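Colleague: fold the following for me, if possible:
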Amino acid sequence: MDALRLVQDMVPDARQHFRDFVRFSLDLMAQDGRRAPQDWRARAETEFARFLRKDLQAISGDAIFAETRVNPDGTLDIIDWPRPQHDGPALRALTVLRWGVENADEETLLRADLDFVLGHARKPCFDIWEEEVGLHYYTLRVCEAALKEGGLRLEDRDASLAGRCFTEASILARLLDDYWLPEEQYIRSRILATGRSAKELDISVILAANHAGEPRRMPLVATLDKLAALFGSAYPINRDRSGAPAMGRYAGDMYYSGGAYYFSTLAAAEFCYRSADLTRGDGFLETVRRFTPAGGDLSEQFDQNSGTQTSAKNLAWSHAAFLSCAAARQALVAQPCNPTASSAPH
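Modeller: Numbers count the residues shown, from 1 in each chain. The predicted structure follows:
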């Protein structure tokens, strides 16, 4: 929905789509697992029973905000899945703020999401890949951004709530300072109660910077450098090729081919554009172009060995990542002080 905002002038009734999204989100808050039919498990196909979650009774109130997924009709998902995730309400609050709050529904949703973030940002949850429970850079960063931007909007309307948002955002900013590993020269993606994770060097840190609107910082640039070196040597499609590598998620990814991912490579390009590095950004974008079919379909992955599309077909996130990447590039080349703006390809 945030990506739709970037192209709303090209989409008929774009604002109405956003309003539908807001209404759908508000309707979810009325869901209550305690009202689920008593025989909901028995009604599932026998072969499907092993995929069901244990119960629905605890899914109400704040737990609704942390649900990883819901059904298309707005009912609760009965499938066993990694829960909770705490990044969703923060991302939704940022999206509402960026579209601009125009009515009571949007104000209600914004305040509800900020309230959830205030109470849950520092609580362990699953990461955006739905794999490990801990305190994650991505979640903390988008929560900090939502609270900071929300506080600015509320300052003249609700000084008390704005103050709480600013205070919590400052706490999160201090926590995030601990994610930089000076010896390894990258920002780690997670801190787990069980110890170090093999997934600490993770593209989610770069995604966090893009989604939170985080300014260029050298630790982020160093993290991208480490990720580019990792995937440049790990993926066969990157060997014997000059230019920016196709990017994955983290070392040792086992999902389908383990990458490469369109949204990862586009995230690297977008970060470069946001950092005013047009040449490097164009390198990553050229890599995406090389592995995109003529029809423009973007799956979840393009195989790290063959470059063929794999995993989820026409993934919404892949297309959204392209839109936000293109918008970042357009903003960069439009800058009057950019010496490459006049000659940069469009």
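Colleague: number of residues surrounding the closest residue to residue 237 other than its chain neighbours?
Modeller: What sits nearest to residue 237 in space, not counting adjacent residues and going by Cβ to Cβ, 6 or more residues apart in numbering, is residue 307, at 5.0 Å. Using the backbone N, CA and C atoms, a C-beta is placed for each residue, glycine as well. Per other Cβ atoms under 10 Å, the neighbour tally for residue 307 reads 16.
Colleague: ok, residue 307 to residue 231 distance?
Modeller: Computed as Cβ to Cβ, to the nearest Å, the residue 307 to residue 231 distance reads 13 Å.
Colleague: can you give me the strands in the chain?
Modeller: 125-126, 133-136, 180-181, 186-187, 190-191, 301-302, 309-310 (DSSP state E).
Colleague: nearest to residue 101, out of those strands?
Modeller: strand 125-126 (26.4 Å; Cβ to Cβ).
Colleague: export the strands of the chain to CSV and tack on distance to residue 220 and mean neighbour count?
Modeller: Compiled in CSV, the strands of the chain are given as follows (distance: least, Cβ to Cβ, whole Å; neighbours: other Cβ atoms under 10 Å):
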stretch, distance to residue 220, mean neighbour count
strand 125-126, 23, 22
strand 133-136, 16, 21
strand 180-181, 10, 17
strand 186-187, 7, 24
strand 190-191, 16, 22
strand 301-302, 24, 28
strand 309-310, 29, 20
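Colleague: make CSV from the ones you listed and add mean pLDDT and distance to residue 103 to it.
Modeller: Putting the strands of the chain into CSV (pLDDT from 0 to 100; distance: least, Cβ to Cβ, whole Å) gives the following:
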stretch, mean pLDDT, distance to residue 103
strand 125-126, 98, 30
strand 133-136, 98, 33
strand 180-181, 98, 41
strand 186-187, 98, 38
strand 190-191, 98, 38
strand 301-302, 97, 39
strand 309-310, 96, 40
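Colleague: can you put those in JSON lines and add distance to residue 146?
Modeller: Putting the strands of the chain into JSON lines (distance: least, Cβ to Cβ, whole Å) gives the following:
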{"stretch": "strand 125-126", "distance to residue 146": "15"}
{"stretch": "strand 133-136", "distance to residue 146": "15"}
{"stretch": "strand 180-181", "distance to residue 146": "22"}
{"stretch": "strand 186-187", "distance to residue 146": "19"}
{"stretch": "strand 190-191", "distance to residue 146": "19"}
{"stretch": "strand 301-302", "distance to residue 146": "29"}
{"stretch": "strand 309-310", "distance to residue 146": "33"}
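Colleague: out of those strands, nearest to residue 171?
Modeller: Comparing the strands of the chain by Cβ to Cβ, strand 133-136 comes nearest, at 12.4 Å.
Colleague: counting by contacts, list what the closest one packs against.
Modeller: strand 125-126, strand 190-191 (3 or more Cβ pairs under 8 Å, 6 or more residues apart in numbering; DSSP states H and E).
Colleague: just put those in a markdown table and tack on distance to residue 107.
Modeller: Compiled in a markdown table, the helices and strands packed on strand 133-136 are given as follows (distance: least, Cβ to Cβ, whole Å):
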| stretch | distance to residue 107 |
| --- | --- |
| strand 125-126 | 26 |
| strand 190-191 | 33 |
